[in-house]
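Asker: Sequence first, then the predicted structure:
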Amino acid sequence: MPTPTTADTAAIDRLARTQMRLATSGQLRATGLSTSTAARRCAPGGRWQRLLPGVVLIQTGKPDVWQQLLAAVLFAARGASVMSGRTAVLTGEAVLAIYGVRGARADRADVLVDAGRRLRDRSYVRLHPTRRWPPTLRGEGIPCVRAVRAASDFAAHEPSPDRVRALLVSTVQKGRCHPDDLRAELHASHALRNPAVRAVLDDLRVGIRSIAEGETRDTLLRAGVPDPLWNPTLHTPTGTFLARPDAYWPYEGVALEVDSAEYHLGVTEYRATLRRRLLLESHGVSVLSVTPSLVRDHPQELISAVLTRLHLATTGPTRPTVVLRR
């Protein structure tokens, strides 16, 4: 017969219920469960399993992605309050995935710990000592940093320029942080040591709000086309909101719209897009429309079309009747 245990089963159930069926070895000992009993339950064929050193999954089934991320935080945390976010907190790409940032993956856990802690990376967990402890909150029940810090920490260590641009711009586009706050955090965290981050920072500075806009800007700049204003707000002379085109050359009165098909398939969205263009045209703004695939596959045609519109605008007899507000 199994050796009787004096563990408080209600306390263990509470941990399982409030911590995604996860518990640290210290928490289990605090319930009165002996180390030997915990080891037996985590043995092959047992009722529990050990995900990381000092972290037990109180179930037999495979852990889901959120359980794996919380296990990473519990592995790195210390003290009685391991869920407080004061000694270990999730950051980086996994946090962006929790916040719904498109393209972010959650298969790796980046965890902030106090500078000076002597812990080693384990399995899918990467530890990052820091002297700038961030504000924390709960995302999907996991102690997390805010999106602005997560994006900055991700960018500091990501070697792919395309992924840096994609996730930073998507974080801003999703409304998870303001571009000014992100720029400040990138400076404070020394993420600008990564050349890929410096390039994206310029996109954010000029108002780029999507990956497609960033790629379009690259194409235009490489061809020597004057840099337009990105996502400016246009009003009528009476102050009524008119539109916010993706790109706008104010002197020439030319607007460029980069329309991704995935956002314009619905009838309602398509009608709204057409009406916005009609409104711009009715106020003397010349509107060009492209898709991201056209920018990538036929860049020379885009460049020729833009340069032609800019030239015609400077020789035309009329000027747009719009008011620009940044």
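Answerer: Thanks, I have it.
Asker: Tell me the spacing between residue 123 and residue 97.
Answerer: 18 Å (Cβ to Cβ, to the nearest Å). (C-beta placed from N, C-alpha, C; glycine too.)
Asker: Which residue of those two possesses the greater neighbour count?
Answerer: Using other Cβ atoms under 10 Å as the criterion, residue 123 and residue 97 rank with residue 97 on top: 22 against 14.
Asker: show me what contacts the more buried one?
Answerer: Counting by Cβ atoms under 8 Å, 6 or more residues apart in numbering, residue 97 makes contact with 104, 105, 106.
Asker: which secondary structure element contains the first one?
Answerer: Secondary structure here is read from DSSP states H and E; on that basis residue 104 sits in neither a helix nor a strand.
Asker: and it, how many neighbours does it have?
Answerer: Around residue 104 there are 23 residues (other Cβ under 10 Å).
Asker: What backbone torsions are found at it?
Answerer: Torsion angles at residue 104 (phi, psi; degrees, to the nearest 10) stand at phi -80, psi 140.
Asker: do the same with the second one
Answerer: The phi and psi torsions at residue 105 (degrees, to the nearest 10) take the values phi -110, psi 160.
Asker: Repeat that for the last one.
Answerer: According to degrees, to the nearest 10, the main-chain angles of residue 106 amount to phi -120, psi 30.
Asker: Correct me if wrong: it contacts residue 93.
Answerer: Yes. Between residue 106 and residue 93 there is a contact under Cβ atoms under 8 Å: 7.4 Å.
Asker: Comparing these two, which residue is more hemmed in?
Answerer: residue 93 (25 against 19).
Asker: can you pull the pLDDT of that one?
Answerer: Predicted confidence (pLDDT) for residue 93: 97.
Asker: Who are the contact partners of it?
Answerer: Contacts of residue 93 (Cβ under 8 Å, 6+ apart): 104, 105, 106, 108, 110, 150, 154, 158, 167.
Asker: out of these, which one sits closest to residue 207?
Answerer: residue 167 (18.0 Å; Cβ to Cβ).
Asker: contacting residues around the closest one?
Answerer: 93, 96, 101, 103, 104, 151, 154, 155, 158 are the contacts of residue 167 under Cβ under 8 Å, 6+ apart.
Asker: If we use 7 Å, what do you get?
Answerer: 93, 96, 101, 103, 104, 151, 154 (Cβ atoms under 7 Å, 6 or more residues apart in numbering).
Asker: Let me know whether residue 165 touches residue 213 as I believe.
Answerer: No. Using Cβ atoms under 7 Å, residue 165 and residue 213 do not qualify as a contacting pair, with a distance of 10.5 Å.
Asker: Please enumerate the helices of the protein.
Answerer: 9-18, 25-30, 35-41, 65-76, 93-98, 147-157, 161-173, 179-188, 195-206, 211-222, 267-282, 292-297, 299-315 (DSSP state H).
Asker: For residue 235, which of those helices is the nearest?
Answerer: helix 267-282 (11.2 Å).
Asker: separation between residue 272 and residue 259?
Answerer: 12 Å.
Asker: Could you list the low-pLDDT ranges of the protein?
Answerer: 1-7, 260-266, 326 (pLDDT under 70).
Asker: Quick check: the gap between residue 175 and residue 168.
Answerer: 14 Å.
Asker: neighbour count winner among the two?
Answerer: Neighbour totals were compared for residue 175 and residue 168, and residue 168 leads with 31 against 9 (other Cβ under 10 Å).
Asker: which non-adjacent residue is nearest that one?
Answerer: residue 200 (5.1 Å; Cβ to Cβ, 6 or more residues apart in numbering).
Asker: Might you report the residue contacts of that neighbour?
Answerer: Counted by Cβ under 7 Å, 6+ apart, residue 200 has contacts 164, 165, 168.
Asker: Need those residues in TSV (columns: distance to residue 304).
Answerer: What follows is the contacts of residue 200, written out as TSV (distance: Cβ to Cβ, whole Å):
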residue	distance to residue 304
164	30
165	26
168	31
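Asker: From those residues, pick the one nearest residue 43.
Answerer: For the contacts of residue 200, the nearest to residue 43 is residue 164 (43.7 Å; Cβ to Cβ).
Asker: Quick check: the residue lying closest to the closest one once chain neighbours are set aside vs residue 218, distance?
Answerer: The spatially closest residue to residue 164, leaving aside those adjacent along the chain, is residue 196, at 4.2 Å (Cβ to Cβ, 6+ apart). Using Cβ to Cβ, residue 196 is found at 13 Å from residue 218.
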